[in-house]
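> got a sequence here, can you build the structure:
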Amino acid sequence: MEGKLETMKNLLGISEEGQEPLLEFALQAAEETAKNYCNLEEIPEGLEHTVVRMAMDLYRNEQFGDSTVPMAVKSISEGDTSTSFGTIESSGYAQTLLKDYQKQLNRYRKVRF
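From the prediction side, this is the model:
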């Protein structure tokens, strides 16, 4: 995992050590997602780059390490300009992550009976 972690840091442009636990968590979550979806015990060599890309997407979109609740625009009015914001109420990016990588993962997926 050390090599994957360094790859993630380089690709994300992260140099400080304080982000390593967050990057490790994203990487472990991506590996777990891929293993569970493909019914594998280990990540094959052909999926390593895919798992790194998945982890980078998780890290960027889930905003690990940020304790504030993400805000989104709830409504916009044009007359006399009014904009209201509220918290994002979503099921989380992690649940939609497979849709982006399903094509690559399907090549390694094993059928479980």
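> now do the helix or strand harbouring Ala30: which elements does it pack against?
Applying DSSP states H and E as the criterion places Ala30 in helix 20-38. Where contact means 3 or more Cβ pairs under 8 Å, 6 or more residues apart in numbering; DSSP states H and E, helix 20-38 is packed against helix 2-12, helix 48-62, helix 93-106. Just so you know, the C-beta spots here come from the backbone N, C-alpha and C atoms, and that holds for glycine as well.
> tell me the mean pLDDT for it?
Averaging pLDDT along helix 20-38 gives 92.
> contacting residues around it?
1, 4-5, 8-9, 12, 14, 40-43, 47, 50-52, 54-56, 58-59, 62, 64-65, 94, 97-98, 101, 105, 108-110 (Cβ atoms under 8 Å, 6 or more residues apart in numbering).
> ChimeraX command for the buried members of those residues?
Applying 16 or more other Cβ atoms under 10 Å to the contacts of helix 20-38 leaves a buried subset, and the ChimeraX line that selects it is:
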select :4,5,8,9,40,43,47,50,51,52,54,55,56,58,59,62,94,97,101,105,108
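> okay, and the helix or strand of this protein with the least pLDDT?
None of the helices or strands of the chain scores lower by mean pLDDT, DSSP states H and E than strand 71-77, at a mean of 67.
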